[in-house]
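Q: Quick one, structure for this:
(one chain, ligands or ions: 1)
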Amino acid sequence: MRIFEELESEVRSYVRSFPVIFDTAEGSYLYDDQGNKYIDFFSGAGTLNYGHNNPKINKAIIEYLQGNGIVHGLDKATCAKRDFLQKFNDTIFIPRNLSYKIQFTGPTGTNAVETALKLARMVKGRSNIIAFTNGFHGLTMGSLSVTGNNFYKDESFYMRANVDHMPFDGYLGPDINTVDYLRRFLEDNSSGIDLPAAIILETIQAEGGVHVASSKWLQELQILCRELDILMIIDDIQVGNGRTGNFFSFEESGITPDIITMSKSLGGGLPFAMLLMRGELDQWKPGEHTGTFRGNNLAFVAATEALTYWDDENLSESVKYKSDIVREELKNIAEKYPELDAKVRGKGLIYGLEIPQRGFSANLAKTCFKHGLVIELSGAEDEVLKVLPPLVIDEETLKEGLSIIDKAIEQLLSKKKDALTKKIA
Ligand SMILES: Cc1ncc(COP(=O)(O)O)c(C=O)c1O
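A: Now for the predicted structure:
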């Protein structure tokens with residue numbers, strides 16, 4: 001590991017949580033350079049919904065490269081882009097009766113978020129944006145301004161201009177409807193909150209601790225946005241692409257966002273991001289918002305192949321089936337160890353196990369890793385163990401991963417009891 005410590009910036013992060021050198025990966029498994037095998041409950045933070053080295057996606061990429069297909073084309077018309085647009089329209093838009101224009105942005109999630117904020121401000125001629133407590137939208141300037149967690153906001157030159165954070169669904173407890181709360185601020189000329197160009201949110205706050213917005217809350221928020229002429233931006237970067245069991249995370253709620261940001265698993269594992277916007281919002285002048293790596297053609301090929309998972313209901317149904325397994329097993333774990341006061345939240349194949357005791361979740365993730373499970377934390381204080389397996393994981397591997405969490409908790413608690421007994425003795 002010395003080369004990483006010597007040459008790579010202190011900013012490195014996941015290498016600290018998983019201090020081995022990963023070498024190969026297949027499906028839901030990672031292998032290190034010593035041949036050790038790990039179950040992946042992290043999925044590249046939601047980038048590997050279709051699994052590592054998905055054979056169908058790899059085959060499409062290899063064939064494209066072997067045929068000397070265009071890899072980099074700026075935003076020129078290419079066959080790979082044409083095929084992606086056609087497939088997205090046929091597989092995603094038409095069956096859902098949706099109509100959006102597509103804008104390819106730089107290939108990371110934060111590029112799509114920056115673009116969404118810029119577009120909303122331009123179209124509405126207003127500068128304020130409403131974001132939510134515990135939201136996470138990326139770490140470049142604009143995206144950072146709508147991200148909640150202060151940990152990321154340490155730069156002294158950072159201007160937190162024109163963004164107000166409001167309470168997400170459930171933030172003020174189960175009895176307070178935070179859409180009503182927001183409405184009060186927006187309808188009062190003297191509240192100090194400017195009418196925003198847009199409201200940006202995740203339907204499930206993934207990095208923020210797996211907080212799930214209810215369908216009712218999303219519907220009421222959409223009504224508020226429409227009444228007050230505010231654009232609704234859904235950031236579907238982490239929980240879109242099937243994570244909830246439907247392609248878009250908001251489908252169950254029946255809302256129709258004005259703008260949708262997409263990235264992560266969209267590219268089947270390759271860097272790719274884009275924005276969907278209602279047609280009348282597409283007010284860009286040609287070339288007004290560009291970028292060298294918009295719509296990388298290899299990612300188009302991977303993405304087009306990945307979309308074949310949405311030709312039928314199989315993936316969707318299997319996610320919903322596996323979701324029940326995860327929820328039940330996490331609930332069993334929470335009941336088995338009442339001293340943890342653990343809470344289970346989630347939907348589809350994103351679940352959080354919140355353990356309030358400071359530092360316990362961090363130790364738990366570490367112990368899981370020792371037992372061969374790659375799993376990460378989320379929440380303001382890293383208090384939530386986030387279960388995020390590839391959507392294509394098989395039932396046996398899923399159950400094996402969940403049993404590692406159980407085993408690791410048992411081990412940590414018995415260590416604690418032993419330490420206490422020794423202290424008393
Ligand atoms: C909801 C959401 N939006 C935006 C981002 C930023 O994406 P990226 O890290 O690719 O810039 C993330 C990353 O985790 C995310 O979860």
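Q: wait, does stretch 194-201 contact the ligand?
A: No: on the criterion Cβ under 6 Å from any ligand atom, stretch 194-201 is out of touch with the ligand, staying 9.3 Å away. Where C-beta positions appear, they are placed from N, C-alpha and C, glycine not excepted.
Q: measure that stretch end to end?
A: Using Cα to Cα, to the nearest Å, the gap from the first to the last residue of stretch 194-201 comes to 18 Å.
Q: Show the average pLDDT along that stretch.
A: Taken as a whole, stretch 194-201 has an average pLDDT of 98.
Q: Repeat that for stretch 221-230.
A: Taken as a whole, stretch 221-230 has a mean pLDDT of 98.
Q: Restrict that stretch to CA atoms and write it as PDB.
A: In PDB, the C-alpha atoms belonging to stretch 221-230 read as follows (Å, rounded to 0.1, in the frame of the first residue of the first chain):
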ATOM      1  CA  LEU A 221     -44.200  19.200  -3.000                       C
ATOM      2  CA  GLN A 222     -44.900  19.000  -6.700                       C
ATOM      3  CA  ILE A 223     -48.300  20.800  -6.200                       C
ATOM      4  CA  LEU A 224     -46.500  23.500  -4.300                       C
ATOM      5  CA  CYS A 225     -43.900  23.900  -7.000                       C
ATOM      6  CA  ARG A 226     -46.600  24.200  -9.700                       C
ATOM      7  CA  GLU A 227     -48.600  26.700  -7.700                       C
ATOM      8  CA  LEU A 228     -45.700  28.900  -7.100                       C
ATOM      9  CA  ASP A 229     -44.000  28.400 -10.500                       C
ATOM     10  CA  ILE A 230     -40.900  26.700  -9.100                       C
END
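Q: Please spell out which residues along that stretch are buried.
A: In terms of neighbour count (16 or more other Cβ atoms under 10 Å), stretch 221-230 has its buried residues at 221-222, 224-225, 230.
Q: For the stretch 251-400 of the chain, what lies in contact range of the ligand?
A: Counting by Cβ under 6 Å from any ligand atom, the residues of the stretch 251-400 of the chain near the ligand are residue 263.
Q: Let me see the contact set for the residue in the stretch 251-400 of the chain positioned nearest to the ligand.
A: Using Cβ to the nearest ligand atom, residue 263 is the residue of the stretch 251-400 of the chain that sits closest to the ligand, at 5.4 Å. Residues in contact with residue 263 (Cβ atoms under 8 Å, 6 or more residues apart in numbering) are 107-109, 111-112, 237, 272-274.
Q: Please repeat the previous calculation with a cut-off of 7 Å.
A: By Cβ atoms under 7 Å, 6 or more residues apart in numbering, the contact set of residue 263 is 108-109, 112, 237, 272-273.
Q: Among those residues, which pair sits farthest apart?
A: 237 and 272 (10.9 Å; Cβ to Cβ).
Q: Indicate whether stretch 100-118 makes contact with the ligand.
A: Yes: shown here: stretch 100-118 in contact with the ligand (Cβ under 6 Å from any ligand atom) through 108-110, 113.
Q: pLDDT of that stretch, averaged?
A: Stretch 100-118 shows a mean pLDDT of 97 in the predicted model.
Q: Would you mark the buried spots in that stretch?
A: Using 16+ other Cβ under 10 Å as the test for burial, stretch 100-118 gives 100, 102-117.
Q: and residue 80, helix, strand or coil?
A: Under DSSP: H, G, I helix; E, B strand; the rest coil, residue 80 falls in the helix class.
Q: Would you agree it is in contact with residue 297?
A: Yes: taking Cβ atoms under 7 Å as the contact criterion, residue 80 and residue 297 are neighbours in contact, 4.2 Å apart.
Q: how close does residue 358 get to residue 209?
A: Plainly put, residue 358 is 15 Å away from residue 209 if you go by Cβ to Cβ, to the nearest Å.
Q: who has more neighbours, those two?
A: For residue 358 versus residue 209, the count of surrounding residues by other Cβ atoms under 10 Å is larger for residue 209: 22 against 10.
Q: Can you give me the distance of that one to residue 1?
A: Distance from residue 209 to residue 1, counting by Cβ to Cβ: 30 Å.
Q: what does residue 144 give?
A: 30 Å.
Q: got it, and residue 284?
A: For residue 284, the distance to residue 1 - Cβ to Cβ - is 46 Å.
Q: For these two, indicate the residue with more neighbours.
A: Between residue 284 and residue 1, residue 284 has the larger neighbour count (other Cβ under 10 Å), namely 17 against 9.
Q: got a pLDDT number for that one?
A: 97.
Q: now it, what's its secondary structure?
A: Secondary structure state of residue 284, per three-state DSSP, is coil.
Q: Would you mind putting the CA coordinates of stretch 411-423 into CSV?
A: Extracted in CSV, the C-alpha atoms of stretch 411-423 (Å, rounded to 0.1, in the frame of the first residue of the first chain):
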residue,chain,number,x,y,z
GLN,A,411,-18.8,-10.2,17.5
LEU,A,412,-18.6,-6.5,18.3
LEU,A,413,-21.2,-6.8,21.1
SER,A,414,-19.5,-9.8,22.7
LYS,A,415,-16.1,-8.0,22.6
LYS,A,416,-17.8,-5.1,24.4
LYS,A,417,-19.2,-7.5,27.0
ASP,A,418,-15.8,-9.2,27.5
ALA,A,419,-14.1,-5.8,28.0
LEU,A,420,-16.8,-4.8,30.6
THR,A,421,-16.4,-8.1,32.5
LYS,A,422,-12.6,-7.6,32.6
LYS,A,423,-13.0,-4.0,33.8
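Q: Do a quick rundown of the helices in the stretch 101-250 of the chain.
A: 109-124, 141-145, 178-187, 215-227 (DSSP state H, counting those that start in this stretch).
Q: outside of the last one, which residues touch it?
A: If you take Cβ under 7 Å, 6+ apart as the criterion, helix 215-227 is touched by 169, 179, 182-183, 199, 203, 231-232, 250, 252-255.
Q: before we move on, what about the longest one?
A: Taking Cβ under 7 Å, 6+ apart as the criterion, the residues outside helix 109-124 that touch it are 103, 105, 127, 129, 137-140, 142-143, 197-198, 231, 233, 235, 237, 259, 261-264, 273-275, 277, 281, 283, 289, 291.
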